[in-house]
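1. Got a predicted structure plus its sequence, pasted below:
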Amino acid sequence: MTALAKCPDCGCSRGDLHEWFCSEEICPFCHGLMRSCRCIHTVLRLSTNESRVVDQFMDDSVEPLKTIVARWKTELQAKGRISFGGR
């Protein structure tokens, strides 16, 4: 099987980081697809209300999701995001 040169979702090239929250990005904590893992809940120790907001994915340009997303980006950067094809 031939490896893809570009991500089918965000279009980043092999070896580059995905666009933020690309559906194909690998979670650096569990190594599963970030779109379906629950690491945001456990790593950020989200409250019940914050978990509900994340699960419903309300508008991330307004609070409270705006702050949650900013915290998650900080944790992802600190852990080390996984580039496309870099599993």
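-> Yes, it's here. Residues are numbered from 1 along each chain as shown.
2. from the middle of its chain, how far away would stretch 20-31 be?
-> On the basis of C-alpha atoms, centre = their mean, to the nearest Å, stretch 20-31 sits 5 Å off its chain's mean C-alpha point.
3. Ends of it, what's the gap?
-> 16 Å (C-alpha to C-alpha, to the nearest Å).
4. How about residues contacting it?
-> 7-10, 12, 18, 32-35, 37, 39, 43, 73, 76, 79-82, 84, 86-87 (C-beta atoms under 8 Å, 6 or more residues apart in numbering). C-betas here are computed from N, CA, C, even on glycine.
5. again, only this time at 6 Å
-> By C-beta atoms under 6 Å, 6 or more residues apart in numbering, the residues outside stretch 20-31 that reach it are 7, 9-10, 18, 34-35, 37, 39, 43, 79-82, 87.
6. ditto for stretch 10-19
-> 5, 6, 7, 22, 25, 81, 83, 84, 85.
7. before we move on, what about stretch 62-77?
-> 40, 43, 44, 50, 53, 58, 60.
8. Pull the most distant pair out of the residues you listed.
-> Pairwise distances across the contacts of stretch 62-77 peak at 19.8 Å for 43 and 58 (criterion: C-beta to C-beta).
9. Between those two, which has more neighbouring residues?
-> When neighbours are counted by other C-beta atoms under 10 Å, residue 43 and residue 58 differ, and residue 43 comes out ahead with 19 against 15.
10. Can you check which helix is longest in this structure?
-> helix 65-79 (DSSP state H).
11. how distant is it from the center of its chain?
-> With C-alpha atoms, centre = their mean, you get 9 Å for helix 65-79.
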